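> Have a look; sequence and predicted model below, questions after that.
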Amino acid sequence: MKKINIAIDGPAAAGKSTIAKKVAAALNMVYVDTGAMYRAITLAYLKSDDKDFSTLLEQIDIRLVADHGQRVLLSGEDITERIRENDITENVSFVASQAAVRSYLVELQQQLTRDKGVVMDGRDIGTTVIPDAELKIYMIASVEERAQRRQLDNESRGIDSTVEQLKADIAHRDHLDMTREISPLTQAADAIEIDTTGRSIEEVTAIILKLASDKLE
Ligand SMILES: Nc1ncnc2c1ncn2[C@@H]1O[C@H](COP(=O)(O)OP(=O)(O)O)[C@@H](O)[C@H]1O
Ligand SMILES: Nc1ccn([C@@H]2O[C@H](COP(=O)(O)OP(=O)(O)O)[C@@H](O)[C@H]2O)c(=O)n1
């Protein structure tokens, strides 16, 4: 069967990971959440006394393990849940704006996509990591709905937040991600925009599966 790569980009909490995971499972493809990689480096940065990014990157070991989604290991420790906490979310856009961090992760991500068969979600996948991806999606949703969704995520994870505070945090993070110097969040010219506001997970998954099946023919 023909192998393709699918790139899914968009702002915070638009539904990228949820949908990417489902699309990958349905098509027997590998799912890669690149945001988790930036979050893992943010945890290493916050824990380290040495704040020089180049030195930090020489010392860390990030592994992604497929497990009904993706688990993240930092130097052997499972940090999958830890990296969703507020201190990581508050600092991740700063860490992700660093040139050393971006070139380190983009190279790692490009290695993962070389043999195709990957659904990868993030901010710069269609523009920088896999510019030749066969299918590119730019996923958006209203900030109100994204904050409400993230509030439910946080409640289920035991993370403290309010919808109002999440609205402000999400808008702030989007602004940082869209205005940073290196590969800012932007829609690739050949990406298809999908607005998930008011749509169910099943509906959005079906739209992307249809687009993917056209590319797989
Ligand atoms: N139509 C939809 N598409 C995607 N996610 C949805 C949708 N409706 C509700 N959700 C919920 O919104 C949240 C999206 O979070 P997530 O997938 O982590 O977004 P992102 O990866 O873009 O940050 C999940 O809790 C998911 O269950
Ligand atoms: N390809 C990517 C993925 C994430 N990121 C950064 O990592 C942060 C966390 O990404 P994420 O996908 O886990 O964010 P959520 O939308 O899930 O909260 C983003 O806000 C970006 O700053 C990036 O710069 N490039």
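That came through, no problem. Ligands and ions are numbered 1, 2, ... in the order given.
> Going by C-alpha atoms from here, please, whenever you check contacts or count neighbours.
OK.
> Alongside ligand 1, which residues does the chain contribute?
Residues of the chain lying close to ligand 1 by CA under 6 Å from any ligand atom are 12-19, 149-150, 153, 196, 199-201, 204.
> and the residues you listed, which are buried?
Buried residues within the residues of the chain next to ligand 1, counting neighbours by 16 or more other CA atoms under 10 Å: 12-17, 19, 149-150, 196, 204.
> What is the host helix or strand of residue 94 packed up against?
Assigned by DSSP states H and E, residue 94 falls within helix 86-96. Here helix 86-96 touches helix 34-47, helix 163-179, going by 3 or more CA pairs under 8 Å, 6 or more residues apart in numbering; DSSP states H and E.
> most packed of those?
A comparison of these by mean neighbour count, using mean count of other CA atoms under 10 Å, puts helix 34-47 on top with a mean of 21.
> hang on, the earlier thing: now, which of the residues of the chain next to ligand 1 lie within helices?
16-19, 149-150, 153, 201, 204 (DSSP state H).
> neighbours around residue 9, how many?
28 (other CA atoms under 10 Å).
> Surely it touches residue 123?
Yes. In this structure residue 9 lies within contact range of residue 123 using CA atoms under 8 Å: 4.9 Å.
> ok now do the residue lying closest to residue 95 once chain neighbours are set aside, which residues does it touch?
Spatial nearest neighbour of residue 95, excluding adjacent residues (CA to CA, 6 or more residues apart in numbering): residue 42 at 6.1 Å. In this structure, residue 42 makes contact with 88, 91-92, 95, judged by CA atoms under 8 Å, 6 or more residues apart in numbering.
> Try it again at 10 Å.
Contacts for residue 42 (CA atoms under 10 Å, 6 or more residues apart in numbering) come out as 36, 48, 83, 87-96, 101.
> so how far is residue 106 from it?
16 Å (CA to CA, to the nearest Å).
> Same check on residue 116?
16 Å.
> Could you say which helix or strand holds residue 121?
Under the assignment here (DSSP H and E), residue 121 is part of strand 118-122.
> by contact count, what packs against that strand?
Counting contacts by 3 or more CA pairs under 10 Å, 6 or more residues apart in numbering; DSSP states H and E, strand 118-122 is packed against strand 6-9, helix 16-27, strand 30-33, helix 34-47, helix 99-113, strand 135-140.
> please redo it, this time with the cut-off set to 8 Å
Under the contact criterion of 3+ CA pairs under 8 Å, 6+ apart, strand 118-122 touches strand 6-9, helix 16-27, strand 30-33, helix 34-47.
> between those, which one is nearest to residue 142?
Minimum separation from residue 142 across these (CA to CA) falls at helix 16-27, 13.9 Å.
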